[in-house]
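Trainee: sequence below, structure please.
(one chain, ligands or ions: 1)
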Amino acid sequence: MSQSSRFAVKKAVIPAAGLGTRFLPATKALPKEMLPIVDKPVIQFVVEEAVSAGLQDLLMITGRNKNALENHFDRVAELEQVLSDKGDKKKLFSVQESTQLADIHYTRQGDPKGLGHAVLRAKSHVGEHSFAVLLGDDVIDSRDPILPQMLKLHEETGDNVVALMEVPMDQIHLYGAAKVSELSGDVVKIDQLIEKPSEKEAPSNLAVIGRYVLRPEIFEVLEKTPEGRNGEIQLTDALQFAAANPSVAGGVRGVIFRGRRYDTGDKLDFIKATLRMAIDRDDIGKELRVWLKDFSKEI
Ligand code: G1P
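Mentor: Numbering: from 1, shown residues only. Here you go, the predicted model:
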């Protein structure tokens, strides 16, 4: 097998088991990934991103109360019939679109033991191949894709790849933070990763955002990773081990992202995502722009 085909990626894992406590009470009965940005649930943006990067085989890691995710990507015969009888092709397409996107598989996380534990649940599905991980509530604007560059870098180097973004130092405690070297454009070598450090502990303001391309050896590393921050198995800790021991699971590289990314689990970011996407839409964009200009005078 040639080096490049050995590291070709076909599968993506989408962890979506989190409780969404920041959005209570809305998320009491509704998965946070089903909250819509205008009229499309957050999870569909994530699935579409994976599909446009060429990944058709998706495994979603879900949990209790997440049945709506499966339903969203399934057919609804009665609704499709009603729309078809009415001749409403546009709505019919919007309903069918999500069901034809990809080959989506589901498994439950069981114990909520952290992101590393969720990713480990994908071991038997992923097998011996490299795979991508897209966090289910991190939305990367489709106008600024980063996954294709990460997949290419992985194919070329065989290293694990994470997406990084500069954040204000007072927000670094919300993320995995990276110490990096050997800059070449937007690509860096990662020397150290720390999960949710204090501002003082943080090695830089480069935060890991929710996109990863990983080698299958990461599963063995995760199996041996002890509980870390919040008593959970952290993916960041497994990647820190990989960075420190590149002969075991490959090294770790980072691609610095400078585009539009929204943490839709955060209320303010959610509103920003909605506005940014809405103002560019054909149906409501024009009116919204006018209204926003007027509204900004009121505040
Ligand atoms: C997770 C990861 C963290 C990463 C973040 C990106 O944290 O553990 O390293 O920086 O996603 O969104 P969470 O936001 O799930 O607490």
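
Trainee: what bridges to whichever residue of the stretch 101-250 of the chain sits closest to the ligand?
Mentor: In the stretch 101-250 of the chain, the residue found nearest to the ligand is Gly176; the distance is 2.8 Å by C-beta to the nearest ligand atom. Every residue, glycine included, has its C-beta placed from N, CA and C. Counting by DSSP bridges, Gly176 is bridged to Glu195.

Trainee: surely it meets Glu195?
Mentor: Yes. Gly176 is in contact with Glu195 according to C-beta atoms under 8 Å; the separation is 5.1 Å.

Trainee: quick one: which of those two has more around it?
Mentor: Gly176 (25 against 21; other C-beta atoms under 10 Å).

Trainee: could you measure from the residue of the stretch 101-250 of the chain closest to the ligand over to Ser130?
Mentor: 20 Å (C-beta to C-beta, to the nearest Å).

Trainee: same check, this time on Tyr175
Mentor: 23 Å.

Trainee: what of Phe219?
Mentor: On the measure of C-beta to C-beta, Phe219 and Ser130 end up 11 Å apart.

Trainee: same thing with Ala178?
Mentor: 20 Å.

Trainee: so what pLDDT did Gln3 get?
Mentor: pLDDT recorded at Gln3 is 59.

Trainee: typed the wrong thing, it's Gly18
Mentor: In this model, Gly18 carries a pLDDT of 88.

Trainee: picking up where we left off before, which residues do Gly176 and Glu195 both contact?
Mentor: Gln234, Thr236 (C-beta atoms under 8 Å, 6 or more residues apart in numbering).

Trainee: show me what contacts Ile104?
Mentor: Val47, Leu58, Leu59, Met60, Phe73.

Trainee: quick one: secondary structure of it?
Mentor: strand (DSSP: H, G, I helix; E, B strand; the rest coil).

Trainee: higher neighbour count, Ala178 and Ser130?
Mentor: Ala178 (28 against 24).

Trainee: how much space between the more buried one and Glu199?
Mentor: Separation of Ala178 from Glu199 (C-beta to C-beta): 15 Å.

Trainee: which residue ranges of the chain form strands?
Mentor: In the chain, the strands defined using DSSP state E lie at 11-15, 36-37, 40-41, 57-62, 103-108, 131-134, 138-140, 160-166, 176-184, 187-195, 206-214, 252-256, 261-263.

Trainee: rewinding a little: by pLDDT, rank the contacts of Ile104 and give me the bottom one.
Mentor: Lowest pLDDT among the contacts of Ile104: Phe73, 94.

Trainee: from the ligand, how far out is it?
Mentor: Using C-beta to the nearest ligand atom, to the nearest Å, Phe73 is found at 22 Å from the ligand.

Trainee: now Glu33
Mentor: 12 Å.

Trainee: show the pLDDT at the nearest residue to that residue once chain neighbours are set aside.
Mentor: Closest residue in space to Glu33, ignoring its immediate chain neighbours: Ile43 at 3.9 Å, by C-beta to C-beta, 6 or more residues apart in numbering. On pLDDT, Ile43 comes in at 96.

Trainee: so what's Ile43 up against?
Mentor: By C-beta under 8 Å, 6+ apart, the contact list for Ile43 reads Ile14, Ala16, Pro31, Glu33, Met34, Leu69, His72, Gly136.

Trainee: tell me how far the third one lies from Asp85.
Mentor: Plainly put, Pro31 is 31 Å away from Asp85 if you go by C-beta to C-beta.

Trainee: when the two are compared, which one has more neighbours?
Mentor: Shown here are Pro31 and Asp85; by other C-beta under 10 Å, Pro31 has more neighbours (26 against 9).

Trainee: surely the more buried one meets Glu70?
Mentor: No. Judged on C-beta under 8 Å, Pro31 makes no contact with Glu70 at a distance of 10.1 Å.

Trainee: shared neighbours of the two, anything?
Mentor: Joint contacts of Pro31 and Glu70 (C-beta under 8 Å, 6+ apart) are Thr62.

Trainee: ends of stretch 169-178, what's the gap?
Mentor: Terminal residues of stretch 169-178 lie 12 Å apart, using C-alpha to C-alpha, to the nearest Å.

Trainee: how far does it sit from its chain's centre?
Mentor: Between the centre of stretch 169-178 and the centre of its chain there are 17 Å (C-alpha atoms, centre = their mean, to the nearest Å).

Trainee: start the count at 38, not 1, going forward
Mentor: Got it, the first residue is 38 from now on, which makes the last one we talked about stretch 206-215.

Trainee: how about the residues of the stretch 38-187 of the chain by the ligand?
Mentor: Contact residues (C-beta under 6 Å from any ligand atom) of the stretch 38-187 of the chain with the ligand: Leu152, Leu172, Asp175.
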